[in-house]
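Participant: Give me coordinates for this.
(2 chains)
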Amino acid sequence: MPVLWLVLIVFALGALGFVLGRRRALGGAGGDIRLLHSLPSYYGTNVTLLTVVPALFLLGIWLLVQPVVVDARVSAMLPDSAISEGTTRDLVMSDVRRIAEGLDKAVAEGAMTHREARDIRAEFTDVRNRLGAVGVALGSTVGAPELYAAQRYRRIAGEGSLAMTGVVLALALGGVALSLIRTTPSFRARNTVETGIRYVLIFAATIAILTTIGIVLSLVFNTIDFFRLYPAWDFFFGTTWSPSFGGGSELGILPLLWGTFYISIIALAVSVPIGLFAAIYLSEYASPHVRAFAKPMIEVLAGIPTIVYGLFALLTVGPLLLKVFGQDGVGIMQAGTAVMTAGLVMGIMLIPFVSSLSDDIINAVPQSMRDGSLGLGATRSETVRQVVLPAALPGIVGAILLAASRAIGETMIVVLGAGAAANLSLNPFEAMTTVTAKIVSQLTGDADFASPEALVAFALGMTLFVITLGLNVFALYIVRKYREQYE
Amino acid sequence: MTDVPFTDASSGPARPARTGSLLEADARTRRRNAAEARFRLYGIAAVGVGLFFLAALLYAIFSNGIGAFQQTGYTLQIEFREDVLDKTGNRDLEDIKSVKTFAYSPLLRAAMLREIETHGIDTPLADAKVTGFSSPLDKLFSDGARSTLRDMVLADPSLIGQTVAVRILASSRVDGYLKGRVSRESIERDKNLDAVHLDLIDKLREAGVATKGFNLAFITGPDASDARPEQAGLGVAMLGSLYMMIVVLALSLPIGVAASIYLEEFAPQNRFTDIIEVNISNLAAVPSIVFGILGLAVFIQFVHLPQSAPLVGGLVLTLMTLPTIIISTRASLKAVPPSIRDAALGVGASKMQAVFHHVLPLAMPGILTGTIIGLAQALGETAPLLLIGMVGFIASNYPDGAISGFLAPNSAMPAQIYEWAKRADPAFYERAWGGIIILLLFLMTMNIIAIILRRRFERRW
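Facilitator: As a prediction, the model looks like this:
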């Protein structure tokens, strides 16, 4: 693991720099700490920061960029004749990478010498068998151009890693040298260190932005790829969802959106009344003892992982509903996995979400308004319905919208509880599927990322991201716009 | 609120004079009181329904899952016959290795037949014919029992020639029969077990040969293939979760604290700060599966990190928990009163010193509480892990060391539970519920630690 070693060496240099910088500052002042501008440890920290931060920053950037550059260079070298009918350049490149990794592994395990890995020829050696012997399975026999490209790939990657090691170490050593030269008793070490730390803090804060950019870019690029292979109109307005990896899939999103909204509506129909009434009771009626017991108990429901709810839907609620509504009962349910199953369990999951949000909002309504209403002779329930709830309404609507966005984005419950068939039906006891469930089923398994059947997951993800983001922004907007200020 | 209806009613002119006693409520008051009582009842019902769901959930988990911690086995006197296992008699390990797993079946059958004879059990299975390599008796044992014996011999060749008492795993159908999951009716169409086997099992239980024992292999062992639910364990997936949590803790705590300090203490009020804050609150509400797509596209497709690796899982979960940690850290930094900062600045500390020497230590209990809660959230998260390939039959080998623990394909606890829930054999459902008990125990411990930290160290100003 050369990268790990490189990181460790950089840190060791940083530690060494700390000691040297501190000693040099003290030495320059003749051991008299009062002659220094800053405390001695600041001089040391200054050296460490200048050694470690630029070197690690460069290392990170290099690791991100190198595979892209190497890929592009090797891919440009591949002759068009190497790309046979029915494959694409990307697929051939992934083969090339696999072969290169296999060669690396063979060398690491001693099954091949460095020279052999560099000079081996597909014309004379069965590379597939040689690599199979070290546990690298290749799909087809290795052709000469692929092997040649893989060897070029290894060489360029090797040169790149070597250059990276050299440049990073040089930068670290340069950092030590430069900062040591600048270390004099009059050097304003503390100010420099504090500015440096400030930049580190700013960088940490921008990771949130980088994450968002990463999400948007990874969704957008793959979605564009998808729409090149599959018409956008058919995706957004198609009413059939039947992917087949052999080709000829119909990938209409409407049945998935319908399933998503149907399940979410059932979930909200369960969670909003229960959650809201629970919040009202706990904040307006319950004695402190009841509240101290019931509120955390209901919130336990929020801490339970969604996989647990999924299993509960699949193995407990589904069979229970089937017993009542199935062939032996009402006779409108075919199997345990259905919209009702998933919606009911998701509703249970959302109860604490609705109740704790509404609880906060109801408690924010000032006591004087309640007192006024009670003083005029209203009963408590009249106060709640006609004074407290109208005042808290925007907040509650916001809470419901947030719960809806939760329901739309929920995955595990629908993967396990809602079934896999994409239906456009009104019967809540029928199996349907959702956007999230299909993202999971299209991206797990060994599908290559070049087919529309796998890329559609990114378009689904994009749709999901836009919908949930829109709901959240809208919820915050409502809360802000209609919030009454009681001061 | 001027148009509230009940004030109108009392000002109406056409109100008849009261005739009855003041102590006796009139119809309208009774109606209002009844509405009040109804409303109150709705509230109680809502709380009750919430608590009922919690109780039902916990009951389902424990009643279904507790069985996974027990496993049926037979205590058999296995004779490691030299003429089967080491025909040359030179105890050469290579020769012993050349004996395949199925050669161990006769040892198992012979030991079982001896028990049947010793306890005088009358069963048609005692005279069952061996056809090819299989005998009806084999259905009693787990498919993995033979390789367990082979591993024992390979680890200690001196066993050959001895007779040793060994606990042999029963097949999952036998286990299900003892636990009540499999009944005589349900096996009628099941080719894995017959009624004669159940008769034999009943007698073996009376004789004390077939017993249920604590199932340590479930907690420490690796996953097993579809055909051997009795051997499946959560141990390797637990290690996968552990390595992921190490990554999450090592990255999200420093980054989260640094970001919060910047936003709370240093950030100027400008557009850039606004964008960061909006971003963080939006990221907190992005569905977790979208983070999985991000991990797949960026870490695996773009950077070519190994698929299914706990390192990648950890990175994805870090990005997912960062908003949670930042929000709670900012709250605890905000809770430190400004007088602390002013005092530090007043005696000559720089802004940075005031924050790092005074504010941060005081906010630390709150920060740790938030971090633990964020970690607990990450530990239970499944959906993003499915997309980066941490699911399927991959938690079957222990990692060789720390580096392979981060980079070798592994699963995680919730993903392993999902994997079991997907399999066809109901014996795996019991494992899935059992896995949930273990997962919930971890979550409960983490939350209790968080609560204790908050109670003991958090200061009220």
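
Participant: going forward, measure contacts and count neighbours with C-alpha atoms only.
Facilitator: OK.

Participant: packing partners for the longest helix along chain A?
Facilitator: In chain A, assigned by DSSP state H, the helix with the most residues is helix A:189-229. Other elements packing on helix A:189-229 under the criterion 3 or more C-alpha pairs under 8 Å, 6 or more residues apart in numbering or on different chains; DSSP states H and E are helix A:40-77, helix A:452-482, helix B:235-261, helix B:271-283, helix B:288-294.

Participant: near chain B, anything from the first one?
Facilitator: Looking back up the chat, that one is helix A:40-77. Yes: remark: helix A:40-77 sits within contact range of chain B at A:63-64, A:67-68, by C-alpha under 8 Å from any C-alpha of the partner chain.

Participant: in the stretch 51-200 of chain B, which segments are predicted with low confidence?
Facilitator: Counting by pLDDT under 70, the low-confidence segments of the stretch 51-200 of chain B come to B:132-133.

Participant: So which residues of it form helices?
Facilitator: Under the criterion DSSP state H, counting those that start in this stretch, the stretch 51-200 of chain B contains helices at B:82-85, B:93-97, B:105-118, B:145-155, B:172-179, B:195-207.

Participant: Deepest in the core, which of these is it.
Facilitator: With neighbours taken as mean count of other C-alpha atoms under 10 Å in any protein chain shown, the helices of the stretch 51-200 of chain B reach their highest mean count in helix B:172-179, at a mean of 22.

Participant: I'd like to know which elements that one is packed against.
Facilitator: If contacts are counted by 3+ C-alpha pairs under 8 Å, 6+ apart, helix B:172-179 sits against strand B:70-79, helix B:195-207.

Participant: what's the angle from it to strand B:70-79?
Facilitator: Orientation check (axes from the mean of the first three to the mean of the last three C-alpha atoms, to 10 degrees): helix B:172-179 against strand B:70-79 gives 120 degrees.

Participant: ok so, going back, of all the helices and strands packed on helix A:189-229, which gets the most neighbours per residue?
Facilitator: Here the criterion is mean neighbour count by mean count of other C-alpha under 10 Å, and of the helices and strands packed on helix A:189-229 the winner is helix B:288-294, at a mean of 27.

Participant: Are that helix and chain A in contact anywhere?
Facilitator: Yes: judged by C-alpha under 8 Å from any C-alpha, helix B:288-294 comes into contact with chain A at B:288-291, B:293-294.

Participant: So which residues make contact with stretch A:305-313?
Facilitator: Counting by C-alpha atoms under 8 Å, 6 or more residues apart in numbering or on different chains, stretch A:305-313 makes contact with A:337, A:341-342, A:345-346, A:349, A:412-417, B:57, B:60-61, B:377, B:380-382, B:414, B:417-418, B:421, B:433, B:436, all of which sit outside it.

Participant: Now, those that are in helices?
Facilitator: Counting by DSSP H, the part of the contacts of stretch A:305-313 found in helices is A:341-342, A:345-346, A:349, A:412-417, B:57, B:60-61, B:377, B:414, B:417-418, B:421, B:433, B:436.

Participant: Take the helices of the stretch 51-200 of chain B and lay them out in CSV including distance to residue B:281.
Facilitator: Rendered in CSV, the data for these read as follows (distance: least, C-alpha to C-alpha, whole Å):
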stretch, distance to residue B:281
helix B:82-85, 66
helix B:93-97, 60
helix B:105-118, 61
helix B:145-155, 53
helix B:172-179, 48
helix B:195-207, 60
